[in-house]
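In: Sharing a model prediction with you, sequence too.
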Number of protein chains: 2
Amino acid sequence: MTKFDEATQAIRVDETTYDVCLDPGYSIGGPLNGGYLMAVILRAVVDASAHEHPVTTSAQFLRAARPGPARVRLERIKTGRTAEMTRATLVQDGQAFIETLVTTATLTAGAVPDWTDGPSAAMPPVERCVKLPDPRPESNMTLNAQVDMVFDPPTVGWLDGTPTGRPESRAYFRMAEPQDPDPFVLAFAVDALPPVVFSAGARGWAPTVDLTWHLRALPAPGWLTVLGSGRMIGDGWFDEDVEVWDSAGRLVAQSRQLARVGRG
Amino acid sequence: MTKFDEATQAIRVDETTYDVCLDPGYSIGGPLNGGYLMAVILRAVVDASAHEHPVTTSAQFLRAARPGPARVRLERIKTGRTAEMTRATLVQDGQAFIETLVTTATLTAGAVPDWTDGPSAAMPPVERCVKLPDPRPESNMTLNAQVDMVFDPPTVGWLDGTPTGRPESRAYFRMAEPQDPDPFVLAFAVDALPPVVFSAGARGWAPTVDLTWHLRALPAPGWLTVLGSGRMIGDGWFDEDVEVWDSAGRLVAQSRQLARVGRG
């Protein structure tokens, strides 16, 4: 079992309850990363489902969750031959932190798309991409140690005061501890980029309100390419669209989140 | 009160229950259109909320709803100064038909975006766009009579056997009965196009599994521009992305749905 598998483990208590232990290694300055938390929730949902894969997940983030014991509560909404729908809630100290609606189904390994568009943006080769600087220890950004991410340089220009002026963030992604990507790693990957608004000049904590993602295919081993962009920033809100492509050049995940622009 | 306002009316029974009457005028061959049903649900959610606008709606479609009396059941998940989250369920004959998670907030009328991308596709002028042929009476496509939609000609080439070969659908949209667009009209508009897969050569009933949409700004009066596209069709699934722009050139809504490719 890899560290990520362990950190996202969900232990069945009964048909509708799973115990989880939220890992301090996925902190983004105190609160835990939303993608990591979705992966935890999806472990429980998939374990309880007759289907193997979380094809759609809509998550509403109510409160910032902290490391420690928590529970995933499940409510089966619909069973079906093709798809099953579940409401799953992450609960800590008796309070709901994330509400999700999840559809599970079974995708075909190695399915060849009937039609597919190319990636929304071109990436330079891995060796021309750059790492983020190590976070200051007092920042409590423990998440960075779990992943190996290298960025398309202009999209992290905001780090040294040269943002591109538009919402974008692009990186190659893999787990720091060798692990083949799977749907749970993808749940994490769709929310692992720095907020796309940083590249448009915004700063500070950008809380996600709603994140919906779709698993489109089962990922091949190797680097994932994670392409983030946005269409509009205004009235205190922004959207972040993320596409994830696998090493075989297939679109494996799509997400969109609506988040608040940070005031920091 | 317009016909659309009447068809989407939600009558408060108590804090968590609204009575609705699903209108036979929004049928797409028997089942009712999903966008119309979201508008009905959102009437109840907004009426019960301290905030004015449904900024995010994630809907999972469990069963095809039919005209007639139904209820919207609400569960308040979180209240807050900036945003409120509600679970809303459309129930008919004691059975859940649509499950939603909705965030309400209050947007600023006339807010100017801090940053915005342009439309994802260019449209010809209205006068060069085309209407769909009238549906055969026995098809029970009553929806078409409620809307005034004119299409970018190539994106309806599938009607006479010349699909473009890629998932796309683009139209100008307004209600047939004069009515300024509002968030409820937008809920309807994001699901009003023929499925984008028709243009890629697919046919038949394409049931939506999950549709998430974001209200980005309050729409100006006049035509809406509705731009639909998709990134991948495969393994029996497709995504449909819709952007809605208002007559003032602002992005007012964004949606993505995951749906099944029809077998018809």
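Out: Perfect, thanks for sending it.
In: got the residues of the stretch 151-264 of chain A near chain B?
Out: A:165-167, A:200, A:209-210, A:212, A:214, A:216-217, A:230-237, A:239, A:243, A:251, A:254, A:256, A:258, A:260-261 (Cβ under 8 Å from any Cβ of the partner chain). Backbone N, C-alpha and C define where each C-beta goes, glycine included.
In: Average pLDDT for stretch A:174-188, rounded please.
Out: Per-region confidence: stretch A:174-188 scores 97 on mean pLDDT.
In: what's the spacing between it and its chain's center?
Out: Here stretch A:174-188 is found 10 Å from its chain centre; the criterion is Cα atoms, centre = their mean, to the nearest Å.
In: ok, the residue in the stretch 151-264 of chain A positioned nearest to chain B - contacts?
Out: Nearest residue of the stretch 151-264 of chain A to chain B, counting by Cβ to the nearest Cβ: A:Gly234, 3.6 Å away. With contact set as Cβ atoms under 8 Å, 6 or more residues apart in numbering or on different chains, A:Gly234 has these partners: B:Ala111, B:Val112, B:Pro113, B:Asp114, B:Trp115, B:Thr116, B:Arg216, B:Ala217.
In: which other helices and strands contact the helix or strand where A:Val252 lies?
Out: For A:Val252, the host element (DSSP states H and E) is strand A:251-260. Under the contact definition 3 or more Cβ pairs under 8 Å, 6 or more residues apart in numbering or on different chains; DSSP states H and E, strand A:251-260 sits against helix A:183-189, strand A:208-215, strand A:237-245, strand B:208-215, strand B:251-260.
In: coming back round to it: tell me the buried residues within the residues of the stretch 151-264 of chain A next to chain B.
Out: Buried members of those, counted by 16 or more other Cβ atoms under 10 Å in any protein chain shown: A:166-167, A:200, A:209-210, A:212, A:214, A:216-217, A:230-237, A:239, A:243, A:251, A:254, A:256, A:258, A:260-261.
In: before we move on, back to that, please, a ChimeraX command that selects the buried ones among the contacts of A:Gly234?
Out: A single ChimeraX command is used to select the members of the contacts of A:Gly234 judged buried by 16+ other Cβ under 10 Å:
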select /B:113,114,115,116,216,217
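In: Make TSV out of the contacts of A:Gly234 and add secondary structure.
Out: Listed next are the contacts of A:Gly234 as TSV, based on DSSP: H, G, I helix; E, B strand; the rest coil:
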residue	secondary structure
B:Ala111	coil
B:Val112	coil
B:Pro113	coil
B:Asp114	coil
B:Trp115	strand
B:Thr116	strand
B:Arg216	coil
B:Ala217	coil
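In: out of the contacts of A:Gly234, who's near chain A?
Out: B:Ala111, B:Val112, B:Pro113, B:Asp114, B:Trp115, B:Thr116, B:Arg216, B:Ala217.
In: can you redo the helices and strands packed on strand A:251-260 as TSV with distance to A:Thr56?
Out: Listed next are those as TSV, based on distance: least, Cβ to Cβ, whole Å:
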stretch	distance to A:Thr56
helix A:183-189	11
strand A:208-215	5
strand A:237-245	15
strand B:208-215	4
strand B:251-260	5
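In: all strands of chain A, in order?
Out: A:10-14, A:17-22, A:53-61, A:68-78, A:84-92, A:95-105, A:115-116, A:147-151, A:168-175, A:208-215, A:224-229, A:232-234, A:237-245, A:251-260 (DSSP state E).
In: low pLDDT regions in chain A?
Out: Low-confidence segments of chain A (pLDDT under 70): A:264.
In: Name the residues of the longest helix anywhere in it that are buried.
Out: Looking across chain A with DSSP state H, the single longest helix is helix A:34-48. For helix A:34-48, a neighbour-count test (16+ other Cβ under 10 Å) marks A:34-46, A:48 as buried.
In: Dump those residues into a markdown table; add distance to chain B as well.
Out: As requested, those are exported to a markdown table (distance: Cβ to the nearest Cβ, whole Å):
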| residue | distance to chain B |
| --- | --- |
| A:Gly34 | 14 |
| A:Gly35 | 17 |
| A:Tyr36 | 20 |
| A:Leu37 | 16 |
| A:Met38 | 13 |
| A:Ala39 | 18 |
| A:Val40 | 18 |
| A:Ile41 | 13 |
| A:Leu42 | 14 |
| A:Arg43 | 20 |
| A:Ala44 | 18 |
| A:Val45 | 13 |
| A:Val46 | 16 |
| A:Ala48 | 17 |
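In: picking that back up, could you dump the strands of chain A into CSV and include distance to A:Pro135?
Out: Shown next, in CSV, are these (distance: least, Cβ to Cβ, whole Å):
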stretch, distance to A:Pro135
strand A:10-14, 28
strand A:17-22, 19
strand A:53-61, 22
strand A:68-78, 22
strand A:84-92, 25
strand A:95-105, 24
strand A:115-116, 36
strand A:147-151, 12
strand A:168-175, 16
strand A:208-215, 20
strand A:224-229, 19
strand A:232-234, 25
strand A:237-245, 21
strand A:251-260, 21
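In: which stretch among these comes nearest B:Phe151?
Out: Proximity to B:Phe151, assessed across the strands of chain A by Cβ to Cβ, is greatest for strand A:115-116 (20.4 Å).
In: quick revisit: can you list the strands that the strand holding A:Val252 pairs with?
Out: strand A:208-215 (antiparallel), strand A:237-245 (antiparallel) (DSSP bridges).
In: Can you give the distance from stretch A:76-90 to the centre of its chain?
Out: 20 Å.
In: near chain B at all, that stretch?
Out: Yes. Judged by Cβ under 8 Å from any Cβ, stretch A:76-90 comes into contact with chain B at A:Ile77, A:Lys78, A:Thr82, A:Ala83, A:Met85, A:Arg87.
In: wouldn't the first one be in contact with A:Arg87 here?
Out: Yes. A contact is recorded between A:Ile77 and A:Arg87 when judged using Cβ atoms under 8 Å, the distance being 5.7 Å.
In: between the two, what contacts are shared?
Out: A:Leu101, B:Glu99.
In: ok so, going back, state the distance from the residue of the stretch 151-264 of chain A closest to chain B to B:Thr103.
Out: 17 Å (Cβ to Cβ, to the nearest Å).
In: which residues touch the residue nearest to A:Asp19 when sequence neighbours are not counted?
Out: Leaving aside its sequence neighbours, A:Asp19 sits nearest to A:Ile11 (Cβ to Cβ, 6 or more residues apart in numbering or on different chains; 4.5 Å). A:Ile11 sits next to A:Tyr18, A:Asp19, A:Val20 when contact means Cβ under 8 Å, 6+ apart.
In: Please apply the same query to A:Ala48.
Out: A:Arg12, A:Glu15, A:Thr16, A:Tyr18, A:Leu74, A:Arg76, A:Thr86 are the contacts of A:Ala48 under Cβ under 8 Å, 6+ apart.
In: how many other residues sit next to the first one?
Out: It stands for A:Arg12. Residues near A:Arg12, counting by other Cβ atoms under 10 Å in any protein chain shown, number 13.
In: For it, which residues count as its bridge partners?
Out: Counting by DSSP bridges, the residues bridging with A:Arg12 are A:Tyr18.
In: That one touches A:Val46, doesn't it?
Out: No. Using Cβ under 8 Å, A:Arg12 makes no contact with A:Val46, being 11.7 Å away.
In: In contact with A:Pro207, which residues are there?
Out: Neighbouring residues of A:Pro207 by Cβ under 8 Å, 6+ apart: A:Phe61, A:Ala64, A:Ala259, A:Arg260, A:Gly262.
In: Nearest residue to A:Gly68 in space, ignoring adjacent ones along the chain?
Out: A:Leu22 (5.8 Å).
In: Please report the distance of that neighbour from B:Ala10.
Out: 38 Å.
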